[in-house]
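Asker: requesting a structural model of the entry that follows:
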Amino acid sequence: MTIRRTRRAPGVVDAPTAEPVEPPALVGRRRIAELTGSWRTALRIARRESRRARRRTALVLAMIALPVAVLAFLAASYDMAELTPQERVDRQLGVADAELRWIADNPVGQDERGEGWYTRDDTYLPPAKATAAQLTALLGPGSRVTEVRTYITLTLRGPHRDEDVTGRALDLGDPLARGLVRFRAGRAPQQPGEVAVSPAALRRLDLHLGRAVAVADGSRAYTVVGVVEFPDDLGPVVALHPGAAPQTGPETDSVWLADVPGAVDAPLVSRLNDRGVVVTPRLPADAATDQNWSWLGSINLGDTNDLSTGVLIAGLGLLEVVLLVGPAFAVGVRRRRRDLALVAVAGGDAAQLRRVVLADGVVLGVLGAAAGLLVGVGAAFAGRPLVEQYVFGARFGGYRCWPAALVLLGGVAVLAGVLAALAPAWSAARQDVSAGLTGRRTPPVSQARWLALGLGLVAGGAGLAAFGAARTSPAVILTGLILGELGLVCCTPTLIGALARLGRVLPLAPRIALRDASRNRAAAAPAICAVMAAVASSVALGAYLASDGERDARAYQPALPAGHVRVDPIESARQPTLIQVAAAAREQLGTSAVAPLHTLGCGPTGTDYCEVTPVLPVEQACPWQPRDGLPESDRRQARADPRCRIREADYFGGYVQSGVDDGTALPLLTGADPATTAAAAVVLRAGGVVVTDPRYLHDGLVTVRVNEVEAGPDRPAAVRDLPGYALPRAVGPPRLLLSGTAARQLGLSWSPGGWVIGTTSAPDEDHRKRFAAALRSFGTVSLSVEYGGAPRDVSPLLLLLAAAAGVITVGAAGIATALAAAEGRAELTTLAAVGAAPALRRLLAICQAGVIAGLGSVLGIVAGLGTAAIVLFSVNRQYADDWPLADPYPILVPWPALGVLVLVPVVAMLGAGLFTRARLPIERQMD
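Answerer: You can find the predicted model right below:
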């Protein structure tokens, strides 16, 4: 082929050709088109890859969809349970036009729906008993009303014990009241001896139609003629005929349903308000909708700190999902090294390689979000009857799913998928193309800047958490925890590399497991960090709860010795005697230790209230009184003064309980030893007094002050020194027990005030109910049992937190082990070729699970204990200079939770060994 060149004259130079310049608009459109096409191609590749690697796709979808399904279930259930204004009105009024409440006997004002009211003249006069005739006259001609009493306490006899149920008095034969219930069976009660019961009461009382049920005290019985359901209360409810309701004077819980010939307009509401009646009208549908939006617009979103705390907690959950899903994407990138290298050879740059991997996160995030939303909403709709019955105790308004929350959940799920694929995408863009084409692995490079960044984040997060604890800001504390966990995530790859170097002295299987973890840090590090984050959160919260529980236990002041019972009569006109209480205690509680209690009073009848307190000697009294704005110098001196070293709970909440006793109730009230109580009884019989706080005793005397409250401030208090005795070690609050002689010297009288029963152990609910039932025929009493400890026990919560962390640990270890086994299949074949035993694969899986679960648990325990120590120390420092003295938070180790978490790696290892096939791949090919 001949190439002919164009001849040019000598000395003539070609002029440069000007390149065409594209307008900026065309350049922008071209770049957008390139970006769109690049993403379209990446998404198509991701869809194809999700079909090829179905097991990995199913694993990622399950991890993304599970939390989305749980949150979607909660969102849909909450939205269905939250009634709209129209639904609330329909449930409250039934078919009536308005609900009336006679609140006061003077004019009142109210809001549009009658939910809030106030008296116009700043005084409140209780109303008299309203009648239907009075309300009908106020409403005008053609009106009709029916009364509904919503809260009546009933105790009925059940098949095994007495049951407390809620009673409602209403005429179900009236269409106005019938609209409040749904009939399931039978008919409406037509006379006072008939009742209708809810399905829950029917089951609990073991009843059926036509059967009689009696009141616990045997005063009367009712015949069950109907089964009805109250949509606002699915618990045990009994619908009484209006003639069967107890008449105890004006009932503030009584409401009246009204039917008026016209509309419930503003003049009618104003006229009723003038008579002290609050009106809840039935608003038109459009008005209810407008009010709903106005209510949403005026809703208080609460403290910004609370909102940020919720966002940070959601961020912790998102981080946990990202760490769990990350290993699957990392393994997927390694399995596609050749495909990504081919994309690079074909001209793809680093950004396009990143898009190919990020597209996996987008596709799987969208699929996981869709699956989670469908499962969650479907479960909420299908399980609605169970949630209504056993969780909310009321019927929902309608089938709704809170679209805004679902869209947010879907977006967060997609974000989780993209974030999980972010680190593998960056590593894929930096891989060696020639190594990818030949299938060779590139050794991992642990960059020092990541270690420095991680250490800096750990230190900064610890300092920020301490600062937040000192300022009692949960949002700042959580921010510090997130930064600390991110710092540990950055440090974990370096730690894995260091451990791999130490694995040279280990046997074959653990050495290979540590080497694989070091070589595959992109997959091992996120799994270890996921375990660490779950364990650290569980341990930190568990340590705080354990410390808080111990602090409450130290501050708790029992009212009686452990196991003892105090019985107080409710109706003073009708109460049992000491003999009757002792007989019931002997039969139902198995004890005969019963003593009467007497309360002090002023005046000849003892009905006037007066304060009877011991007086501290001058040398024992603290010269400072706690108040707001107490100078720091005074607080410092008070903390150093031995007379003022008293706990905050005792200073503000403690007071001296006074009573009259001859030594009979003293052992049961104080729990003192027999020798001490015998000496105190001698002083009481001699006309003295007994105190349980030795500070009140000086020179064998106790100064007692009597202040008659109803006598007015001008009457001085009576003060007298009486011979006394101090119990050195007594259980319960500070007490002052006067003898009858001492009470008469002070001009006091006393009356029966209850009984105290001594038992070796606290009676359970069944024994308490049987004891109360045995006394019910003599009068109504209330029981208070002393359990001898703090009111709450956090051990079950600690175990629950440990179990949740254990589930995440086992899941992360299982996922990482399965991915490592799939990645190392070629190496297993090589091991089989050189004569490795089949059991080596099972042992290798056990060691791989042990590396993930063990290292993550150890890091999590250290991080959790460190976090708890920082937070508790900072909180204690905050109250170190306060006075009165506040009990510090002890720094405790939550041993129950740690015991569970120590066993979790062992469970993960055993599970990996159990579910791993022992035979090596080459042996299966030979079969």
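
Asker: drop to CA atoms for contacts and neighbour counts, all remaining ones
Answerer: Noted.

Asker: where does the stretch 101-250 of the chain have low pLDDT?
Answerer: Low-confidence segments of the stretch 101-250 of the chain, defined by pLDDT under 70, are located at 217, 246-250.

Asker: remind me, longest strand of the protein?
Answerer: The strand of greatest length in the chain, counted in residues with DSSP state E as the criterion, is given as strand 144-157.

Asker: what packs against it?
Answerer: If contacts are counted by 3 or more C-alpha pairs under 8 Å, 6 or more residues apart in numbering; DSSP states H and E, strand 144-157 sits against helix 132-139, strand 162-170, helix 175-178, strand 212-214, strand 254-259.

Asker: between the ones you listed, which one is closest to Val858.
Answerer: Nearest of those to Val858, taken as C-alpha to C-alpha: strand 162-170 at 50.5 Å.

Asker: mind listing what's buried in the closest one?
Answerer: Along strand 162-170, these residues count as buried under the neighbour rule (16 or more other C-alpha atoms under 10 Å): 162-170.

Asker: now render those as JSON lines, adding distance to Val691.
Answerer: Formatted as JSON lines, these follow (distance: C-alpha to C-alpha, whole Å):
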{"residue": "Asp162", "distance to Val691": "40"}
{"residue": "Glu163", "distance to Val691": "41"}
{"residue": "Asp164", "distance to Val691": "40"}
{"residue": "Val165", "distance to Val691": "43"}
{"residue": "Thr166", "distance to Val691": "44"}
{"residue": "Gly167", "distance to Val691": "46"}
{"residue": "Arg168", "distance to Val691": "49"}
{"residue": "Ala169", "distance to Val691": "51"}
{"residue": "Leu170", "distance to Val691": "54"}
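
Asker: report the two of the residues you listed separated the most.
Answerer: Longest distance between any two of those is 23.9 Å, between Asp162 and Leu170; criterion C-alpha to C-alpha.

Asker: what is the burial count for Pro126?
Answerer: Per other C-alpha atoms under 10 Å, the neighbour tally for Pro126 reads 14.

Asker: how much space separates it from Arg521?
Answerer: Here Pro126 is placed at a distance of 75 Å from Arg521 (C-alpha to C-alpha, to the nearest Å).

Asker: try Ala584
Answerer: For Ala584 relative to Arg521 (C-alpha to C-alpha), the value is 71 Å.

Asker: looks to me like Tyr888 is in a helix.
Answerer: Residue 888: Pro, not Tyr. No. Checked against DSSP: H, G, I helix; E, B strand; the rest coil, Pro888 lies outside a helix; its state is coil.

Asker: that one: what's it in contact with?
Answerer: Shown here is Pro888, whose contacts under the criterion C-alpha atoms under 8 Å, 6 or more residues apart in numbering are 551, 876, 879.

Asker: list only buried entries from these.
Answerer: Judged by 16+ other C-alpha under 10 Å, buried ones among those: 551, 876.

Asker: out of the contacts of Pro888, which one has the weakest pLDDT?
Answerer: Of all the contacts of Pro888, the one the model is least sure of by pLDDT is Tyr879, with 71.

Asker: which residue is the nearest non-sequential neighbour of that residue?
Answerer: Taking C-alpha to C-alpha, 6 or more residues apart in numbering, and ignoring the residues beside it in sequence, Tyr879 has Ala886 as its nearest neighbour in space, at 6.8 Å.

Asker: what does the pLDDT read for that neighbour?
Answerer: What the model reports for Ala886 is a pLDDT of 72.

Asker: which of the helices and strands packed on strand 144-157 sits most buried?
Answerer: Mean neighbour counts were compared across these using mean count of other C-alpha atoms under 10 Å; the top stretch is strand 254-259, at a mean of 23.

Asker: check which element follows that strand along the chain.
Answerer: Where DSSP states H and E defines the elements, the next helix or strand beyond strand 254-259 is helix 266-274.

Asker: and the longest helix that the chain contains, what does it pack onto?
Answerer: Identified as the longest helix of the chain according to DSSP state H is helix 839-878. In this structure, helix 839-878 packs against helix 448-470, helix 508-519, helix 521-555, helix 795-823, helix 895-914, with contacts taken as 3+ C-alpha pairs under 8 Å, 6+ apart.

Asker: a markdown table for those helices, including distance to Val269?
Answerer: A markdown table is the format used below for the helices and strands packed on helix 839-878 (distance: least, C-alpha to C-alpha, whole Å):
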| stretch | distance to Val269 |
| --- | --- |
| helix 448-470 | 52 |
| helix 508-519 | 76 |
| helix 521-555 | 51 |
| helix 795-823 | 51 |
| helix 895-914 | 60 |
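
Asker: in this structure Leu481 contacts Ala459, no?
Answerer: No. Judged on C-alpha atoms under 8 Å, Leu481 makes no contact with Ala459 at a distance of 10.7 Å.

Asker: domain parsing for the chain?
Answerer: Under the assignment automatic domain parsing, the domains of the chain span 31-96+306-442, 98-284, 448-556+794-927, 565-620+643-785.

Asker: in a markdown table, list those domains along with distance to Arg635.
Answerer: Written out in a markdown table, the entries for these read as follows (distance: least, C-alpha to C-alpha, whole Å):
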| stretch | distance to Arg635 |
| --- | --- |
| domain 31-96+306-442 | 32 |
| domain 98-284 | 41 |
| domain 448-556+794-927 | 6 |
| domain 565-620+643-785 | 10 |
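
Asker: out of these, nearest to Ser633?
Answerer: Smallest distance to Ser633 across the domains of the chain (C-alpha to C-alpha): 10.2 Å, for domain 448-556+794-927.

Asker: can I get the CA coordinates of stretch 892-902 in PDB?
Answerer: Once non-C-alpha atoms are left out, stretch 892-902 reads as follows in PDB (Å, rounded to 0.1, in the frame of the first residue of the first chain):
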ATOM      1  CA  LEU A 892     -19.600  -2.900  89.400                       C
ATOM      2  CA  VAL A 893     -19.000  -5.700  86.900                       C
ATOM      3  CA  PRO A 894     -22.300  -7.200  85.600                       C
ATOM      4  CA  TRP A 895     -21.200 -10.800  86.300                       C
ATOM      5  CA  PRO A 896     -24.500 -12.500  85.100                       C
ATOM      6  CA  ALA A 897     -24.100 -10.800  81.700                       C
ATOM      7  CA  LEU A 898     -20.400 -11.500  81.500                       C
ATOM      8  CA  GLY A 899     -21.100 -15.200  82.400                       C
ATOM      9  CA  VAL A 900     -23.400 -15.400  79.400                       C
ATOM     10  CA  LEU A 901     -21.100 -13.600  77.100                       C
ATOM     11  CA  VAL A 902     -18.100 -15.700  78.000                       C
END
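
Asker: just the buried residues of that stretch, please?
Answerer: Of the residues in stretch 892-902, those scored as buried under the neighbour-count criterion (16+ other C-alpha under 10 Å) are 892-895, 897-898, 900-902.

Asker: just stretch 393-406 next, same as before
Answerer: Quick answer for stretch 393-406 (16+ other C-alpha under 10 Å): 394-397, 400-402, 406.

Asker: pick the one among these closest to Trp750.
Answerer: When those are compared for distance to Trp750, the smallest value, 48.4 Å, is given by Ala394; criterion: C-alpha to C-alpha.

Asker: and that closest one, backbone torsions?
Answerer: Main-chain dihedrals, Ala394, degrees, to the nearest 10: phi -160, psi 160.
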